[in-house]
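> here is the input, now give the coordinates:
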Amino acid sequence: QVQLVESGGGLVQAGGSLRLSCAASGRRFSNYVMGWFRQAPGKEREFVASISWSGAGTYYADSVKGRVTISRDNAKNTVYLQMNSLKPEDTAVYYCAASDTFRGLGDTKSSWGQGTQVTVSS
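Just a heads-up that it's a prediction; the model follows:
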């Protein structure tokens, strides 16, 4: 498995921006599809974005499309989530996940980070 550590969360006003990072260690980073998920209080964890092994393919939830960009640097073993035009409804704990396949991303066999809190004030 790969170990994941998120950073970059914080408190930001609506309309602001944040860049989350997820540093990976352990097995070869480029072997993994990477993704970001989030969980708001009282809600289930939901998909935010994912990126292919090389970074050529990216996918987004409709709720964040156009405001969020996922990217990865395989030389630095890091995946990023650039979030712009943040809204109060983006408030959640954001988790990084890794999987061998897109199909498996987010399931119980995925590797998960500990999460980073993002709070957007109105």
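
> drop to CA atoms for contacts and neighbour counts, all remaining ones
Noted.

> for stretch 31-41, buried residues please.
Buried residues in stretch 31-41, counting neighbours by 16 or more other Cα atoms under 10 Å, are found at 32-40.

> which ones among those residues are found in helices?
When DSSP state H defines the helices, the subset of the buried residues of stretch 31-41 inside them is empty.

> out of these, which two sit at the greatest distance?
32 and 40 (25.7 Å; Cα to Cα).

> so residue 119: helix, strand or coil?
Here residue 119 takes the strand state, with states given by DSSP: H, G, I helix; E, B strand; the rest coil.

> from residue 85, how far out is it?
Residue 119 is 13 Å from residue 85, where distance means Cα to Cα, to the nearest Å.

> these two: which is more packed in?
Neighbours per residue (other Cα atoms under 10 Å) separate residue 119 from residue 85, with residue 119 holding more: 21 against 15.

> give me the element residue 22 is part of.
For residue 22, the host element (DSSP states H and E) is strand 18-26.

> which parts of that strand are buried?
Neighbour count says strand 18-26 has 18-24 buried, by 16+ other Cα under 10 Å.

> with stretch 108-122 instead?
Within stretch 108-122, judged by 16+ other Cα under 10 Å, the buried ones are 110-113, 115-121.

> strands along the protein, start to end?
Using DSSP state E, the strands found in the chain span residues 2-7, 10-13, 18-26, 33-39, 46-51, 58-60, 68-73, 78-83, 92-99, 111-112, 116-121.
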